[in-house]
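S.K.: predicted model, plus sequence, below.
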Amino acid sequence: MKVLVIGNGAREHAIVWKLSQSPKVTKIYVAPGNAGTSLIAENVAISCTNIKGLLAFAKDNSIDITFVGPEAPLAGGVVDVFASAGLRIFGPCREAAQLESSKVFTKELLLSNKIPTAYSRSFSSYEKACSYLNRLEMPVVIKADGLAGGKGVTVAQTYEQAMAALSDIMEAKIFGEAGENVVIEECMVGREMSFFAVTDGKTVAPLSAACDYKRIYDGDKGANTGGMGSYTPPVFFTPELKDEIMSRILLPVIKALAERGITYKGVLYAGLMMTAEGPKVMEFNARFGDPETQVLMPLLKTDLLEIVEATLEGRLDKLSIEMEDSCAVGVVLASGGYPAEYRKRLPISGLSDMPSDILVFHAGTVVSEEDEIVTNGGRVLCLVSKGQSIEAARENVYRNIGKVSFEDCQYRRDIALFNGRELCR
């Protein structure tokens, strides 16, 4: 079976790595991929958002199944275009992907169906948003409606910070059309957690939960990033909590979408806050998370392609998805200066020195004309170790992390250090 994976991050490298283990898979293409995916698949120079180019490639190369990694092509309707052409593709259609691409849509869906989430109001008028903000106590959360590369959410501790965020989004339009509307919501307190499931629109099959680290520096200091590391499972993720999340959040969401005539097929990723009143939704994403995918895939026992096919064929109720009863920790190595300006094309050394129990998933890497693997992005690599405990997995990653290096490399030293306790707000 020929598979096309869309994306170029460490998430897609982990997905390709897992798919390559399926006995059904004969060939994997990645568009556009990175230096890591080129070692186990064939990269093709088509961007993630070039939907016409992706469709033409899939037709010309008789692709059997396409797997969409990032959110941008989902929001752009790649699934609808492929499906209209009679091609099989894994991911939600454009209407269903609004769960991620429109926070206004999602908040309305959640609140109207009494699915646990923070109270919020949505605005298309800057003046009305300012007037509403003036009546609130701080802190509050300001969210741009559309996709903003993970930078569209501000937790404002003061009125001045909240006004500045509103001005940036709605007047300066720093996120373009994504900031035409905003959501202003109460600031929840608790532990953050990412929960992952797959659904065929009828059955929702849980995978597992993970915690990630958004800030660039230890102790959750500094600017937000795409994610500096993750681990699974969190110590507070119990079977009872999983059941509660399924019954109060994920199943009602899929049901509410179905009642609006929207069939959601693909990965459902809930960003949750564990509050004193129970788990509440912070956001939904319509795909796997990064860097959570890098720690989830090594623990997935079930053939990923089997999951994809069962989802597309509406038979997830017949498939038993199994995860290993162990732990995984992943630490991201980033370019110096990230998430602001950083240099590219820096040689990476030590990749061949990694022991077999360390997985290295590439993100911002490329093969140079001199046939060297060099940096090509802010987040460059993600080193992952499994272990019988979080502590064992963590110790193994940090024991080996110094073996790979590039100039100005930076990484956090506290990934999984407190196993959830550091996430209390």
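M.R.: Cool, got the structure.
S.K.: now the helices for the stretch 1-150 of the chain?
M.R.: Taking DSSP state H, counting those that start in this stretch as the criterion, the stretch 1-150 of the chain carries its helices at 10-19, 51-60, 71-75, 78-84, 98-101, 103-112, 126-133.
S.K.: would you map out the domains in this structure?
M.R.: Following the TED database, one finds the domains of the chain at 2-93, 125-179, 191-318, 327-423.
S.K.: now those as TSV including mean neighbour count?
M.R.: Yep, even glycine has a C-beta here, placed from its N, CA and C like the rest. As requested, these are arranged in TSV below (neighbours: other C-beta atoms under 10 Å):
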stretch	mean neighbour count
domain 2-93	21
domain 125-179	17
domain 191-318	20
domain 327-423	19
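S.K.: how about the ones you listed, which one is nearest S102?
M.R.: Proximity to S102, assessed across the domains of the chain by C-beta to C-beta, is greatest for domain 125-179 (5.7 Å).
S.K.: start and end of that closest one, how far apart?
M.R.: Terminal residues of domain 125-179 lie 11 Å apart, using C-alpha to C-alpha, to the nearest Å.
S.K.: what average pLDDT does that domain get?
M.R.: Per-region confidence: domain 125-179 scores 93 on mean pLDDT.
S.K.: can I get the domains of the chain in CSV with distance to E185?
M.R.: Compiled in CSV, these are given as follows (distance: least, C-beta to C-beta, whole Å):
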stretch, distance to E185
domain 2-93, 21
domain 125-179, 5
domain 191-318, 9
domain 327-423, 19
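S.K.: right, so of those domains, which gets closest to E108?
M.R.: With respect to E108, and counting by C-beta to C-beta, the nearest of those is domain 191-318 at 10.3 Å.
S.K.: tell me how far the closest one lies from the chain's centre.
M.R.: Remark: domain 191-318 is offset 9 Å from the chain centroid, using C-alpha atoms, centre = their mean, to the nearest Å.
S.K.: which non-adjacent residue is nearest D317?
M.R.: Distances taken as C-beta to C-beta, 6 or more residues apart in numbering place T203 nearest to D317, at 4.4 Å, with adjacent residues excluded.
S.K.: wait, doesn't the one you found sit right on I321?
M.R.: No. T203 lies out of contact with I321 (C-beta atoms under 8 Å); the separation is 10.6 Å.
S.K.: tell me what I373 is bridged to.
M.R.: On DSSP bridges, the residues paired with I373 through beta bridges are V367.
S.K.: ditto for the one 10 residues further on
M.R.: Listed beta-bridge partners, L383: V331, V360 (assigned using DSSP bridges).
S.K.: tell me which residue lies nearest the centroid of this structure.
M.R.: For the chain, the residue whose C-alpha lies nearest the mean C-alpha position (C-alpha atoms, centre = their mean) is G289; its distance is 1.8 Å.
S.K.: where does the stretch 201-350 of the chain dip in pLDDT?
M.R.: When residues are selected by pLDDT under 70, none of them lie in the stretch 201-350 of the chain.
S.K.: mind running it again at 90?
M.R.: By pLDDT under 90, the low-scoring segments of the stretch 201-350 of the chain are 223-224.
S.K.: quick revisit: the residue nearest to the centre of the chain and A210 touch, don't they?
M.R.: Yes. G289 is in contact with A210 according to C-beta under 8 Å; the separation is 7.4 Å.
S.K.: find residues that contact each of those two.
M.R.: Residues touching both G289 and A210 by C-beta atoms under 8 Å, 6 or more residues apart in numbering: S194, F196, S230.
S.K.: got JSON lines for those, with distance to E137 and secondary structure too?
M.R.: Shown next, in JSON lines, are these (distance: C-beta to C-beta, whole Å; DSSP: H, G, I helix; E, B strand; the rest coil):
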{"residue": "S194", "distance to E137": "28", "secondary structure": "strand"}
{"residue": "F196", "distance to E137": "34", "secondary structure": "strand"}
{"residue": "S230", "distance to E137": "33", "secondary structure": "strand"}
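S.K.: export those to TSV and tack on distance to E313?
M.R.: As requested, the shared contacts of G289 and A210 are exported to TSV (distance: C-beta to C-beta, whole Å):
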residue	distance to E313
S194	27
F196	20
S230	31
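S.K.: out of those residues, which is nearest to G91?
M.R.: Nearest member of the shared contacts of G289 and A210 to G91, counting by C-beta to C-beta, is F196, at 14.1 Å.
S.K.: checking the closest residue to G179 other than its chain neighbours next. Helix, strand or coil?
M.R.: Beyond its immediate neighbours in the sequence, the residue positioned closest to G179 (C-beta to C-beta, 6+ apart) is I169, lying 3.9 Å away. The local conformation at I169, judged by DSSP: H, G, I helix; E, B strand; the rest coil, is helix.
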